[in-house]
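Novice: after the sequence you'll find the predicted model.
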Amino acid sequence: MSESPLLKATSLTYRYEKDVATLTDINLTIEKGCIYGFLGPNGAGKTTTLSLLLGLLEVQEGHIEIFGKPLTSDRVSILKKIGSLIESPSLYGHLTAKENLEVYREVYGASKARIAEVLNIVGLEDTGKKTVKKFSLGMKQRLAIALALLPNPELLILDEPANGLDPAGIIELRKLIKTLNKTHGMTVIISSHLLGEVEKIVSHVGIIFKGKIIFQGPLSALHSFQQKASRVFIKTSDNETTFRLLQEYQPEKEGEAVSVPFENINQVAEINRKLTSHNLDVYLLYPKKSDLEQLFIDLTTAP
Ligand SMILES: Nc1ncnc2c1ncn2[C@@H]1O[C@H](COP(=O)(O)OP(=O)(O)OP(=O)(O)O)[C@@H](O)[C@H]1O
């Protein structure tokens, strides 16, 4: 029997306001040892979902299990094994990296030796007396991750950690996440609104769009899904007949037109031949941008 997932969220629906569902029926399965990229455009519901997983928001509908236990009943023991970076970290600008960690050490019940360890892991061991206000954003971000690492968590949840970082900072962050996963065995959930930012490190991807999960699976499955999101838009002199003739392509009616999933350019020529051989006039035959396709463009285009 396969091991149960490290995290399982079932049918999460969340409303900030009574009549507006910010999340609808969210199902997530995250396996131990993976780096899970949680992707979606701004406002899709990433932070809300992660806040529910971290118990920062109360579950209204649905169920969350982490480490095989329900979050509602085993909250404290679960949260002790999770490190997180959500929204801006609270760092003291007038203190050094080490002093910042010292402030949080007792909160987490971590040993003094753990401070040097986490500074090493995030590559800030040589910052000495430099105060945090003189740190670059990338260094601040790594220090915030060091804080999250103090309790030596099994699961690390990072909400848009690459936001605002320059390309060098993003590369450093990727390296760090890979090390945490490979060398320290941590499962990592990292959210982003850009696929390119996380594509190089993630093993699995979940895509949230308007509060709904529209894809979840290994990174390798994403590209075939992406292709399926493209459709060919067809308008002829008789759309009913077109719909009937194209049954094998799984057509859908779109107002005055018909659309079929786009597979390749040869299929478009084949459809054209089929329609004209049945004496239909073909007015339009073109790939149409669906919401999903537009979503992929948004996820793959730098702001
Ligand atoms: N405290 C709140 N009260 C009311 N609505 C909220 C609150 N927080 C977030 N929202 C709304 O919920 C929706 C999802 O926001 P959320 O922050 O979860 O998205 P996101 O994917 O993390 O986006 P971003 O990257 O912009 O933070 C948005 O429409 C947002 O305006």
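Specialist: Nice, thanks for sending it over.
Novice: just the strands in the stretch 201-303 of the chain please.
Specialist: In the stretch 201-303 of the chain, the strands defined using DSSP state E, counting those that start in this stretch lie at 204-209, 212-218, 231-236, 252-254, 257-261, 282-288.
Novice: give the partner strands of the fifth one in its sheet and their orientations.
Specialist: Strand 257-261 pairs in its sheet with strand 231-236 (antiparallel), strand 252-254 (antiparallel), by DSSP bridges.
Novice: okay if I get the ones you listed as JSON lines plus mean neighbour count and distance to residue 115?
Specialist: All C-beta spots, glycine's among them, are computed from the backbone N, C-alpha and C. JSON lines is the format used below for the strands paired with strand 257-261 (neighbours: other C-beta atoms under 10 Å; distance: least, C-beta to C-beta, whole Å):
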{"stretch": "strand 231-236", "mean neighbour count": "21", "distance to residue 115": "55"}
{"stretch": "strand 252-254", "mean neighbour count": "13", "distance to residue 115": "59"}
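Novice: for those, which one sits closest to the ligand?
Specialist: Of all the strands paired with strand 257-261, it is strand 231-236 that lies closest to the ligand, at 25.8 Å by C-beta to the nearest ligand atom.
Novice: hey, C-alpha coordinates of the closest one in PDB?
Specialist: The C-alpha atoms that make up strand 231-236 are tabulated as PDB, following Å, rounded to 0.1, in the frame of the first residue of the first chain:
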ATOM      1  CA  ARG A 231      -9.200  25.200 -29.100                       C
ATOM      2  CA  VAL A 232     -10.000  25.700 -32.800                       C
ATOM      3  CA  PHE A 233     -12.900  28.100 -33.400                       C
ATOM      4  CA  ILE A 234     -15.000  27.200 -36.500                       C
ATOM      5  CA  LYS A 235     -17.800  29.100 -38.200                       C
ATOM      6  CA  THR A 236     -19.600  27.800 -41.300                       C
END
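Novice: and the protein, which of its residues are near the ligand?
Specialist: Applying C-beta under 6 Å from any ligand atom, we find that the chain lies next to the ligand at 16, 22, 40, 42-48, 160, 193.
Novice: can you do 5 Å?
Specialist: 16, 22, 42-48 (C-beta under 5 Å from any ligand atom).
Novice: does the residue sitting nearest the centre point of the chain count as helix, strand or coil?
Specialist: Geometric centre of the chain, nearest residue: residue 38, 0.9 Å, by C-alpha atoms, centre = their mean. Look at residue 38: counting by DSSP: H, G, I helix; E, B strand; the rest coil, its state is strand.
Novice: what's the burial count for the nearest residue to it once chain neighbours are set aside?
Specialist: Leaving aside its sequence neighbours, residue 38 sits nearest to residue 191 (C-beta to C-beta, 6 or more residues apart in numbering; 4.2 Å). By the measure other C-beta atoms under 10 Å, the count of residues near residue 191 is 25.
Novice: am I right that residue 191 falls within a strand?
Specialist: Yes - assessed with three-state DSSP, residue 191 lies in a strand.
Novice: contacts only, for it.
Specialist: Listed by C-beta atoms under 8 Å, 6 or more residues apart in numbering, the contact set of residue 191 reads 37-40, 46-47, 50, 158-160.
Novice: top of those by neighbour count?
Specialist: Of all the contacts of residue 191, the most densely surrounded is residue 38 (30 neighbours; neighbours counted as other C-beta under 10 Å).
Novice: OK, contacts around it?
Specialist: With C-beta under 8 Å, 6+ apart, residue 38 has these contacts: 46, 49-50, 189-192, 206, 208.
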